[in-house]
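Asks: Turn this into a model:
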Amino acid sequence: MQPILLLALLQAATPATPTNRWSADPAHSAVAFRVRHLGITWVNGTFGQWTIDLNYDPTRPEAASVTAHIQTASVTTGNDRRDNDLRQNYLAVDSFPEITFVSKRVEKVGPDKLRISGDLTMRGITRPVVLDADIGGVLTTSRGRRTAFSATTTIKRQDYGITRNGFMEGAQIVGDNVRITIDVEAPERTTTP
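Replies: Predicted structure coming up:
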């Protein structure tokens, strides 16, 4: 057998060493939020442009870390008028084009649950937040490994300088609390030889 062919067969048979570095797949992930409208219903929205990178070893979840960068101008709620109002009057996208989250600590709080503490920066203001995360698991496919998480938190918009507070017939138009949900499916990043 030719040495080159033998080397190729051995490399194909050798499993790749896990990097435990993952990047969210935008086609199978979402960054979403919801906020009360007039105190009686919810307005739901998403951000269409973002990156989320993870360092996650399933055998050592406490050593995990996550970094997210969300482009504020990519906000959408399905209503152009409302989206323009959000961009201009709430997110101030011209001055603050990005929201970031950087984890500082990860705790395993259940068999498939993590508590991720970190800093959320929005409109130039950084505050600590805690994400409650469900671990979807790790799947090995013919195209490599994939992992998944779903994380939620609630923030008070005024903590980030979003103080606009209109009323309609005595009801607050936009609620104070914003629920954030991040669903991530991430393929493992491979190292370059």
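Asks: what about stretch 148-159, average pLDDT?
Replies: Stretch 148-159 carries an average pLDDT of 96.
Asks: What of stretch 93-107?
Replies: Stretch 93-107 shows a mean pLDDT of 97.
Asks: which of the residues in it are buried?
Replies: Going by neighbour count (16 or more other CB atoms under 10 Å), the buried part of stretch 93-107 is 93, 96, 99, 101, 103, 106. Heads up, the C-betas are built off the backbone N, CA and C, glycines and all.
Asks: residues touching the nearest residue to the second one once chain neighbours are set aside, list them.
Replies: Right, Phe96. Counting by CB to CB, 6 or more residues apart in numbering, Phe96 lies nearest to Arg123, which is 4.7 Å off, once chain neighbours are set aside. Residues counted as contacts of Arg123 (CB atoms under 8 Å, 6 or more residues apart in numbering) are 91-92, 95-96, 160-162.
Asks: now do 10 Å
Replies: Counting by CB atoms under 10 Å, 6 or more residues apart in numbering, Arg123 makes contact with 72, 90-93, 95-96, 99, 157, 159-162.
Asks: do you know how far it is from Ile155?
Replies: Distance of Arg123 to Ile155, computed by CB to CB, to the nearest Å: 12 Å.
Asks: next structured bit after the longest strand anywhere in the chain?
Replies: Ranked by residue count under DSSP state E, the longest strand found in the chain is strand 125-141. Heading C-terminal from strand 125-141, the first helix or strand you meet, by DSSP states H and E, is strand 144-156.
Asks: name the helices or strands packed onto that following strand?
Replies: strand 21-23, strand 30-37, strand 50-55, strand 65-71, strand 113-122, strand 125-141, strand 174-187 (3 or more CB pairs under 10 Å, 6 or more residues apart in numbering; DSSP states H and E).
Asks: other SSEs contacting the shortest one?
Replies: With contacts defined as 3+ CB pairs under 10 Å, 6+ apart, strand 21-23 has these neighbours: strand 50-55, strand 144-156, strand 174-187.
Asks: try 6 Å
Replies: Contacts defined by 3 or more CB pairs under 6 Å, 6 or more residues apart in numbering; DSSP states H and E place strand 21-23 against strand 50-55.
Asks: buried sites along the strand it packs on?
Replies: Residues of strand 50-55 classed as buried by neighbour count (16+ other CB under 10 Å): 50, 52, 54-55.
Asks: Give the pairing partners of that strand; include direction for each.
Replies: Strand 50-55 pairs in its sheet with strand 21-23 (antiparallel), strand 65-71 (antiparallel), by DSSP bridges.
Asks: Strand 144-156 and the longest one, what's the angle between them?
Replies: Interaxial angle of strand 65-71 relative to strand 144-156 (axes from the mean of the first three to the mean of the last three CA atoms, to 10 degrees): 70 degrees.
Asks: Please shift the residue numbers so they start at 59 in all later answers.
Replies: Sure thing, new numbering starts at 59, so read that last one as strand 123-129.
Asks: chain center to the following helix or strand past strand 123-129: distance?
Replies: Moving toward the C-terminus from strand 123-129, the next helix or strand (DSSP H and E) is strand 133-134. Distance, stretch centre to chain centre, for strand 133-134: 15 Å (CA atoms, centre = their mean, to the nearest Å).
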